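J.: Sequence and predicted model, in that order:
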Amino acid sequence: MNITEALNWRYATKRMNGHKIPTEKLNRILDAARLAPSSYGLQPYSVLVIEDEALREKISAVAYNQPQIMEASHLLVFAAMDSVDTHFVEEFIDLTALERGISADSMEDYKNTIIGAVNSFATNEERFHWAAKQAYISLGTTIAAAAAEQVDASPMEGFDPKELDILLGLKERGLRSVLLLPLGYRNTNADWLAGMKKVRWPRDKMFIRFPRASSPA
C-alpha cells in the first residue's frame, strides 16, 4: 500500500474495537512522531503514550466521554512546552553536537539564532502557540504513519485542556496539552462513518499553481 492508498484508507474513526496494536507497529508509529520535522529541529513538545484503562477513564471524563478514548489500543496526548527557554535550547545544541561529533562551541551562532527566535515572541502565550504548531506537524506525521500501518487514528481537540493538564500533572513538566490521538482499530459495525466515501476538495480547488496556464487567445 503506497501513501496515497493509505491516506484514502484512513478516516477519522469514531468507534474502535479494543484490539491491541502489535508492539512493533506501535513503535514504528511513535518513531514517526519522533522523526517529524519541527522549527530548528527543536521539538518543543512531548507525546504521552497512555495504555492504562483507569487513567483513560479519567481522561474520558474531561473529553466529553468520546468513546474512542476507551475503545482505543493506546491514547496519545500531544503536549507543547509552556515556555521554551534558553536552557532547553542549550540542551538541544549539546545533543546535536554529541550526535554529530562536533563541539558545542562550533554551534554558538546557531544557538544564538534559535535563542533570538524563541525570545522574539512578545508573550509566553505566543511562545506556547508556536510550540503547539510544532506539535501539530508531529501529529500529521503520526497520522500518516498510522495509516501506513493500517492502524486507525482519530485526532481530537474536544477536551478540557486545563482539567487534562491537572490530571496528567503537565504543569509540573512545563507542558500544556494540545490534542489527543487515540490509536486502534475501527469497529465497522458501530461506526456510522465507516465505509463512507472520503470527501475532499478537488485538486483544481485545493491547489493554486504558478505560473497559471495561459488562457487561449
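T.: Perfect, thanks for sending it. Numbering: from 1, shown residues only.
J.: From here on, just use CA atoms for contacts and neighbour counts.
T.: OK.
J.: Where is the longest helix in the chain?
T.: Ranked by number of residues, the top helix in the chain under DSSP state H is helix 124-148.
J.: I'd like to know the average pLDDT value across that helix.
T.: Averaging the model's pLDDT scores along helix 124-148 yields 97.
J.: Then stretch 75-88?
T.: Mean predicted confidence for stretch 75-88 is 96.
J.: Tell me how far the residue nearest to residue 175 when sequence neighbours are not counted lies from residue 34.
T.: Once flanking residues are discounted, residue 175 sits nearest to residue 81: 4.4 Å by Cα to Cα, 6 or more residues apart in numbering. Counting by Cα to Cα, to the nearest Å, the gap from residue 81 to residue 34 is 15 Å.
J.: what does residue 13 give?
T.: 23 Å.
J.: Who has more neighbours out of those two?
T.: residue 13 (22 against 15; other Cα atoms under 10 Å).
J.: quick one: the more buried one and residue 152 touch, right?
T.: Yes - under the criterion of Cα atoms under 8 Å, residue 13 makes contact with residue 152 at 6.5 Å.
J.: Mutual contacts of the two, please.
T.: residue 186 (Cα atoms under 8 Å, 6 or more residues apart in numbering).
J.: ok, the spatially most central residue of the chain - contacts?
T.: Geometric centre of the chain, nearest residue: residue 139, 2.2 Å, by Cα atoms, centre = their mean. By Cα under 8 Å, 6+ apart, residue 139 lies in contact with 33, 78.
J.: Could you list the residues in contact with whichever strand or helix holds residue 91?
T.: Take DSSP states H and E as the rule and residue 91 turns out to sit in helix 86-100. For helix 86-100, the external contacting residues (Cα under 8 Å, 6+ apart) are 42, 103-104, 107, 111, 114-115.
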